[in-house]
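# Sequence isn't available, so here's the structure alone:
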């Protein structure tokens, strides 16, 4: 019980998940500490742009292919977009759209593009790719800085984050080859969640 006093003293700060709406691009230019880290003119060509799964405002895009890393993008100098990787490096990369992205509205239940968990682990929303599996049917929803990932059930009604309380929680565990067997996932609270926005009322 040696750690109890420090754990108790930190509890008030973690009473609820901090939600940050990231405005990384304003008027087509990097903003709020974010910078264009593109090497060369652009880092890829994208198409089939629709609403980003992490957007809370209109006009933020996800484009194909997933290898372009273009799931959270703002319009920049036409025909390019600036896309964010994670909120820790604050780096953007520029992609070129094969045709102008359409006017779009945000999805009904946006998922944060990045999470900071209670143990300091950083996680980024999955954007395609081939991931491992588990024999309990859970799949990876966020890749994390440790060896584990944030898991979610495969049914349509499931979401990776439990938002029923002010302090959100996720299920975390490993993936393996095929239907590998693992212990039940652990529950971790979400300290901070980052969404994508075009404006940030109240800062």
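Nice, thanks for sending it over. Note that the coordinates shown come from a computational prediction; the quantities given were computed from them, not determined experimentally.

# what comes up buried for the strand ranked longest in the chain?
Criterion DSSP state E: the longest strand present in the chain is strand 186-196. For strand 186-196, the neighbour count (16 or more other Cβ atoms under 10 Å) marks 188, 189, 190, 191, 192, 193, 194, 195, 196 as buried. Backbone N, C-alpha and C define where each C-beta goes, glycine included.

# Any chance of CSV for those residues, columns pLDDT and distance to residue 133?
As requested, those are arranged in CSV below (pLDDT from 0 to 100; distance: Cβ to Cβ, whole Å):
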residue, pLDDT, distance to residue 133
188, 98, 21
189, 98, 26
190, 98, 24
191, 98, 28
192, 98, 29
193, 98, 26
194, 98, 27
195, 98, 28
196, 98, 29
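
# Compute the distance between the residue positioned nearest the centre of the chain and residue 180, please.
Geometric centre of the chain, nearest residue: residue 113, 1.3 Å, by Cα atoms, centre = their mean. Going from residue 113 to residue 180 by Cβ to Cβ, to the nearest Å gives 27 Å.

# Kindly report the same for residue 198.
41 Å.

# Looking at the two now, which is surrounded by more residues?
Remark: of residue 198 and residue 180, residue 198 carries more neighbours, 18 against 13, as counted by other Cβ atoms under 10 Å.
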